[in-house]
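Student: need a structure here:
(chains A and B)
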Amino acid sequence: MLDIKLIREQPDIVKKNLKKRGDFKKLQMLDALTIHDVEWRRLLTLANERRHERRVITKQIANLKKAEKAAEKQIEKGRKLDVEISALEKQVKKHKQTANDILMRLPNLLHASVPIGRNENDNIAIRLWGKPPILDFSPRDHLEIAKNLNLIDEERGAKVAGHGFFYIKGYLVMLDLALQRFAIDFMIEKGYQLVEPPFMLRRKSYEGVTDLSDFENVMYKVEGEDLYMIATAEHPLAAMFMNEVLLKEALPIKLVGVSACFRKEVGSHGKYTKGLFRMHQFNKIEQFIFCHPDNSWDFHEELQQNAEELYQRLGLHHKVVVLCSGDTGTVQAKTYDINIWMADGTYREVGSNSNCTDYQARRLNIRFREKEGQAPKGFLHTINNTALATSRTMLAILEQYQQKDGSVLVPHALIKYMNGLKKLEPH
RNA sequence: GCCGGGAUGGCAGAGUGGAUAAUGCGCAGGCCUUGAGAGCCUGUGGCCUUUUGGCCGCAUGGGUUCAAAUCCCAUUCCCGGCGCCA
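Tutor: Down below sits the predicted model:
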């Protein structure tokens, strides 16, 4: 959420940002917001004046009653005012609500370094690491490899839960756990605190962390309960300190979350949906930092370095991309993606690193104070990045480490987590 | 799930229907001091307002009443007891 004061005082900054994002629909919403905001303040002043009169009368009544005098006249006057006040309050509430609804939909201010562009085609590659594997045979895709090795049962997953669900079997489950342990050990060594968050969140917590359209397109709702399955550990980690004021010296708070993730994937038609790439349920290790506004951009780079180092240690060929203005999400100020090489020669996203600046923190009301006993100073910044999404990383391992005979080599860094197993073979 | 107790400012804690939410601690500023401390004074939730000022705020949402932190109902969370349970 943006600061309403910024919109009142410097609307040009907000307009320029919407233009940079290419979001002309929200440009109109901004004008509506200003109208409702002005009207809200006008009516609020009126209502406050009426309420003041009401308080004066209430005091008069109290005094009359104490003196054992008749107060009927004042009581009658008070009742009339009550009617006026509640009518005004209704109006006030309406305008406030409308203004707030729009405010919740306006996207975060982009960082100056975000390149201008329309969609993912305009994202800019900034680093390429490693080289595609040299294969002297025609490569198979991960689904074919996994099926041949008896590591995945797509049909039965679909039978019991529908398309996008799988039974993962044998060494592929081991590989999933190995990746989790590998990433967790790496992050702990870097000084991050390991957290397993709740896998469901209430609506109120969830509204603070994400684009509102995600409620239709991404999250599963639990029927009859005010609970949503998390789409990523980012969400419960961000909401963890909701309505709290943290001490500046306690910052930064560096977390590594481990969780299953659940996604509806509505509107994924036309996207790559094969096998492990786009599942309704997968496991992910997530990096998250709460920090002082002054140094969030440094930590954004730190998280990026962590993620790249993980893929490097796994020996997985990838490239790093900075998202252009049109492809950067509502909540994010700047995003790097890591795109990994797949056997069909395409690079596809395996992780996403975003500085949300104070946007999530303002919605979640997470502030900091300079010193114990002082008033809160401002909102802190939140940064989130994938460490490893195991599904997509396993996919990349299967495709990049595949051998002619259908077996798959285990990346060196994972062998110790696989009880010494060096190769996945049919058995 | 049932029964009981509770939720007040940054913190502790008073207030059981009527005035400014007392008091203490912390924090900020000032006086004093060579300096620090002690002591003293002032301030220290949010919103609207150029100012003066006003409104809201006692977990959240409703209700009763001329008037609610205070009474009633629902919800959330915390503590204790019972039950169920991996």
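Student: Let me know how buried the closest residue to residue A:243 other than its chain neighbours is, in neighbour terms.
Tutor: For residue A:243, ignoring the flanking residues on the chain, the nearest one in space by CB to CB, 6 or more residues apart in numbering is residue A:365 at 5.0 Å. Bear in mind the C-beta positions are built from the backbone N, C-alpha and C, glycine included. The number of residues packed near residue A:365 is 15, by other CB atoms under 10 Å.
Student: Please apply the same query to the one 3 residues further on.
Tutor: By the criterion of other CB under 10 Å, residue A:368 has 23 neighbours.
Student: Mind listing the residues bridging to it?
Tutor: residue A:246, residue A:378 (DSSP bridges).
Student: what pLDDT does it get?
Tutor: On the pLDDT scale, residue A:368 is placed at 89.
Student: So residue A:139: helix, strand or coil?
Tutor: Under DSSP: H, G, I helix; E, B strand; the rest coil, residue A:139 falls in the coil class.
Student: Run through the residues that contact it.
Tutor: A:343, A:399, A:402 (CB atoms under 8 Å, 6 or more residues apart in numbering).
Student: Now do the contacts for the first one.
Tutor: Residue A:343 makes contacts with A:139-142, A:399-400, A:402, as judged by CB under 8 Å, 6+ apart.
Student: Dump those into CSV; add pLDDT and distance to RNA strand B as well.
Tutor: Shown next, in CSV, are the contacts of residue A:343 (pLDDT from 0 to 100; distance: CB to the nearest atom of the strand, whole Å):
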residue, pLDDT, distance to RNA strand B
A:139, 93, 43
A:140, 93, 40
A:141, 94, 38
A:142, 95, 34
A:399, 96, 37
A:400, 96, 38
A:402, 95, 39
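Student: Flag every residue of the stretch 101-250 of chain A that's near RNA strand B.
Tutor: residue A:245 (CB under 7 Å from any atom of the strand).
Student: what are the ranges of the helices in chain A?
Tutor: A:4-9, A:11-21, A:24-66, A:72-105, A:142-148, A:154-161, A:170-189, A:203-209, A:214-217, A:234-239, A:296-313, A:359-364, A:390-400 (DSSP state H).
Student: pLDDT score for the residue in the stretch 151-300 of chain A positioned nearest to RNA strand B?
Tutor: Distances between the stretch 151-300 of chain A and RNA strand B by CB to the nearest atom of the strand are smallest at residue A:245, namely 5.9 Å. On the pLDDT scale, residue A:245 is placed at 88.
Student: for residue A:375, same thing?
Tutor: Reading off the model, residue A:375 has pLDDT 78.
Student: Report the contact partners of it.
Tutor: When contacts are counted by CB under 8 Å, 6+ apart, residue A:375 touches residue A:369.
Student: any idea how far it lies from residue A:367?
Tutor: Applying CB to CB, to the nearest Å, the value for residue A:375 to residue A:367 is 9 Å.
Student: circling back: top of the contacts of residue A:343 by neighbour count?
Tutor: That'd be residue A:142 among the contacts of residue A:343, by other CB under 10 Å, with 28 neighbours.
Student: In contact with that residue, which residues?
Tutor: A:274-276, A:342-343, A:394-396, A:398-399.
Student: what about burial for those residues, which qualify?
Tutor: A:275-276, A:342-343, A:394-396, A:398-399 (16 or more other CB atoms under 10 Å).
Student: Quick one, which of those residues has the minimum pLDDT?
Tutor: Lowest confidence among the buried ones among the contacts of residue A:142: residue A:275, with 89.
Student: pLDDT value on residue A:235, please?
Tutor: pLDDT, read off for residue A:235, is 95.
Student: Oh, that last question was meant for residue A:114, not what I typed.
Tutor: 97.
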